[in-house]
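Trainee: Let's see this in three dimensions:
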Amino acid sequence: MTPTVPAAPPAPSHLFSTLRPLLVAEAGAEAAGGGVDPGDLEQTVWLRLLELLDGAGPPPDPADWLLRAVRAEARLARRATRRELPHPAPPAATTDAACPERAALTAERHRVLREAVGRLPGRCPRLLDAMLSPADPTYQEIAGELGMSQGSLGPMRSRCLGCLRRMLAAEVAAPGRGGRER
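Mentor: As a prediction, the model looks like this:
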């Protein structure tokens, strides 16, 4: 009689492809009942599985582990949602219309921002001007106005905002140690 050799644990890629349909179904079912995004729930459970694989290895019954993990993460997300409180509206006295000083400061900040946007390189000024427009155009409208694909707006916006952030950081002296200006 030959001794039986325990089966090797499934490879992570095989484990993921096997569990994916079950996770999608369970996350969708749990999310629908609790106001949780199913995609967020899926990502959280995949992260927990990766952490488990990194430490102890795969669970003995992956399907059962997945069901319990989805339910536990959904419970946590529902609790967090219940604890969230809406951000209170500012008191009426602090609005720009009620306070001339605040209105002047806001107008100055907008002027400085518009000037900085105008100094950006390439197509950044046109893109950010369109995005800062009071008409609040959609990505589709902005893409049509600039003659570019809608899919490239997000990456270009990120690059332009990064450039703007660096430009403004260089212009504003950061306080040194102890809060003193340099």
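
Trainee: centroid residue for the protein?
Mentor: The residue lying closest to the centre of the chain (C-alpha atoms, centre = their mean) is residue 40, at 10.6 Å.

Trainee: helix/strand/coil for that residue?
Mentor: Assigned with DSSP: H, G, I helix; E, B strand; the rest coil, residue 40 falls in the helix class.

Trainee: what does the one 3 residues further on give?
Mentor: Of the three states, residue 43 takes helix according to three-state DSSP.

Trainee: on that earlier part again, close enough to count as contact, the residue nearest to the centre of the chain and residue 74?
Mentor: No - in this structure residue 40 lies outside contact range of residue 74 using C-beta atoms under 8 Å: 10.2 Å. Every residue, glycine included, has its C-beta placed from N, CA and C.

Trainee: Run the chain-centre distance for the least confident helix or strand in the chain by mean pLDDT.
Mentor: Lowest by mean pLDDT, DSSP states H and E among the helices and strands of the chain is helix 12-34, with a mean of 84. Here the centre of helix 12-34 is set off from its chain's centre by 21 Å, with C-alpha atoms, centre = their mean, to the nearest Å.

Trainee: What of stretch 44-59?
Mentor: Centroid displacement of stretch 44-59 relative to its chain, using C-alpha atoms, centre = their mean, is 23 Å.

Trainee: mean confidence score for it?
Mentor: Per-residue pLDDT over stretch 44-59 has a mean of 86.

Trainee: cool, stretch 160-170 as well?
Mentor: Here the average pLDDT along stretch 160-170 is 86.

Trainee: Repeat that for stretch 117-132.
Mentor: 90.

Trainee: Kindly report the same for stretch 79-87.
Mentor: Rounded mean pLDDT across stretch 79-87 is 77.

Trainee: ends of that stretch, how far apart?
Mentor: With C-alpha to C-alpha, to the nearest Å as the measure, stretch 79-87 spans 18 Å from end to end.

Trainee: Tell me the buried residues in it?
Mentor: Going by neighbour count (16 or more other C-beta atoms under 10 Å), nothing in stretch 79-87 comes out as buried.

Trainee: again, but for stretch 51-69
Mentor: Using 16+ other C-beta under 10 Å as the test for burial, stretch 51-69 gives 59, 62, 65, 66, 67, 69.

Trainee: For the helix or strand hosting the third one, name the packing helices and strands.
Mentor: In this structure, residue 65 is located in helix 62-83 according to DSSP states H and E. Applying 3 or more C-beta pairs under 8 Å, 6 or more residues apart in numbering; DSSP states H and E, one finds that helix 62-83 makes contact with helix 12-34, helix 38-55.
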